[in-house]
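Chemist: Pasted the sequence and its predicted model underneath.
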Amino acid sequence: MTDVRMAIAGSGYMGRTYAESLTRYTEGAKLVAVALGTRAKKLAADYGAELEPDFKSLVNRSDVDAVLVATPHQAHAKEVIEAAENGKHVLVEKPMATSAADCDAMITACESANVTLSVIQTLRYRGVFLRAKELISQGSIGKVRMIQMTSLWDSYLPNKPWANEVESGGAILDRGSHSFDMLRLLTEDDPVSVDASVNSFSGGAWQALNGMAQVRFSKGAIAQLWMSHEIPKPGFGEDRDVLKIWGSEGLMEVQHFGKIRVLTGDQWREVWEQPTFNYITDPMNPSRLEAFYTQTQDFVDSLRFDRPPTVSGQDGRAAVEMVHAACLSSLTGSSVRLPMTRSRGGSQYDSATVPRRYIQGE
């Protein structure tokens, strides 16, 4: 079976992450070309790929089967649609787009072109979360009843300065698209309502550096997300990123960068520990890269073996819509039902208009 010929759009921190993953760890894939960003020339040279001057020339190449889009959030929709129109399969970084309306357009374009669309949600593939999901699916703690997820940092994305631009959607979209996706995954269910408050105590309100949200799911589970990028140093230490799950038959605690503990009966036991890595000083550490090359492998295999990718466009859209439901709840001070399109006082609020209304404080 021939290799899937890949191109990467974006040459920053994540572009290099995927170049390393595709060339060193992913089987059945070949990195052919790179485009976009000030570091594209060096990235292409470092990984033996050809440099293209722009996105159009990248997707016009006849020797490219699929494009991995790792550009700023606000560029995703246009680039994915253009790739689909040129017959390329697409793996796009999260958040899928900056509005659910754009997500819908991306999904439609890929369906119309009969190409595969998958969204990168690497928390699903990180060792601790991957194993936590396996344990839950195996019934180790019974039916999930309640989840509390914390993600508490003292700064916001020092390695991605463009993420501080208004058009990118702020921290709530960047971080929240990970967290809300994880809640859907672990409950194995879709949300029906979101109650949230989102703000920033320093900087512009649009950055949405802090958020608290409560989510109700259709089968009865309840989840709470506490996110911040303004926690005073030194913060909460190993309790900075923790997932606590109450099931009908036991409890589970997951440290995002550490251990999984399970309580059944009256006995806690450690079942797995994530090997340590520093994503700033050692970004190519195999323990960090595992989540990325595992998802790229899933995408490549979906093309080679003609099966759907594990993370679909609909999954990516659902995460974006949940983020925007949290923003709308914060704006209106009321619970937001999902799906979001509904009338409020004669005005139509949906996931296409919420980002603009939230950022501009309308």
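Modeler: Arrived safely. Residues are numbered from 1 along each chain as shown.
Chemist: From Arg5, how far out is the closest residue to Ser118 other than its chain neighbours?
Modeler: Computed as C-beta to C-beta, 6 or more residues apart in numbering, the closest residue to Ser118 that is not its neighbour in sequence is Pro309, at 3.7 Å. For the C-beta atoms, the positions are set from N, CA and C on the backbone; glycine is no exception. Summarising the geometry, the distance separating Pro309 from Arg5, computed by C-beta to C-beta, to the nearest Å, is 17 Å.
Chemist: residue ranges with poor pLDDT in the stretch 1-150 of the chain?
Modeler: Counting by pLDDT under 70, the stretch 1-150 of the chain contains low-confidence residues at 1.
Chemist: For it, which segments count as strands?
Modeler: 4-9, 29-35, 50-52, 66-69, 89-92, 117-119, 144-152 (DSSP state E, counting those that start in this stretch).
Chemist: Quick one: residues in contact with the fourth one.
Modeler: Identification of contacts with strand 66-69 by C-beta atoms under 8 Å, 6 or more residues apart in numbering yields 4-10, 18, 22, 58-59, 75-76, 79-80, 83, 88-93, 116, 296, 299, 303.
Chemist: What of the first one?
Modeler: With C-beta under 8 Å, 6+ apart as the test, strand 4-9 has contacts from 15, 18-19, 22, 28-36, 43, 49, 52, 55, 58-59, 61, 63-71, 79, 88, 300, 303-304.
Chemist: ok, now with 6 Å
Modeler: Judged by C-beta atoms under 6 Å, 6 or more residues apart in numbering, the contacts made with strand 4-9 from elsewhere in the structure are 15, 18, 22, 29-36, 55, 58, 63-69, 71, 300, 303.
Chemist: strands paired with it, and their directions?
Modeler: Here strand 4-9 is paired, per DSSP bridges, with strand 29-35 (parallel), strand 66-69 (parallel).
Chemist: tell me the strands in the stretch 251-362 of the chain, going along the chain?
Modeler: Counting by DSSP E, counting those that start in this stretch, the stretch 251-362 of the chain has strands at residues 259-264, 267-273, 336-337, 342-344, 347-349.
Chemist: Pull up the per-residue confidence for Arg356.
Modeler: Per-residue confidence for Arg356 comes out at a pLDDT of 53.
Chemist: what helix or strand does Ala196 sit in?
Modeler: In this structure, Ala196 sits in strand 191-199 according to DSSP states H and E.
Chemist: picking that back up, mind checking how far the residue nearest to Ser118 is from Glu27?
Modeler: Separation of Pro309 from Glu27 (C-beta to C-beta) stands at 16 Å.
Chemist: hmm, back to that, save the strands of the stretch 251-362 of the chain as CSV, and put in distance to Met146 too.
Modeler: Supplementary listing: the strands of the stretch 251-362 of the chain in CSV, determined by distance: least, C-beta to C-beta, whole Å:
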stretch, distance to Met146
strand 259-264, 14
strand 267-273, 18
strand 336-337, 20
strand 342-344, 27
strand 347-349, 28
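Chemist: Can you add mean neighbour count and mean pLDDT and give those strands back as TSV?
Modeler: TSV is the format used below for these (neighbours: other C-beta atoms under 10 Å; pLDDT from 0 to 100):
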stretch	mean neighbour count	mean pLDDT
strand 259-264	17	96
strand 267-273	12	96
strand 336-337	20	94
strand 342-344	11	44
strand 347-349	13	42
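Chemist: wait, which of these is closest to Ser228?
Modeler: With respect to Ser228, and counting by C-beta to C-beta, the nearest of these is strand 336-337 at 21.1 Å.
Chemist: quick one: strands adjacent to that closest one?
Modeler: strand 191-199 (antiparallel).
Chemist: Centre of the chain to the strand it pairs with, how far?
Modeler: 18 Å (C-alpha atoms, centre = their mean, to the nearest Å).
Chemist: circling back to that earlier point, nearest to His229, out of the strands of the stretch 251-362 of the chain?
Modeler: In this view, these are compared for proximity to His229 by C-beta to C-beta, and strand 336-337 is the closest at 22.8 Å.
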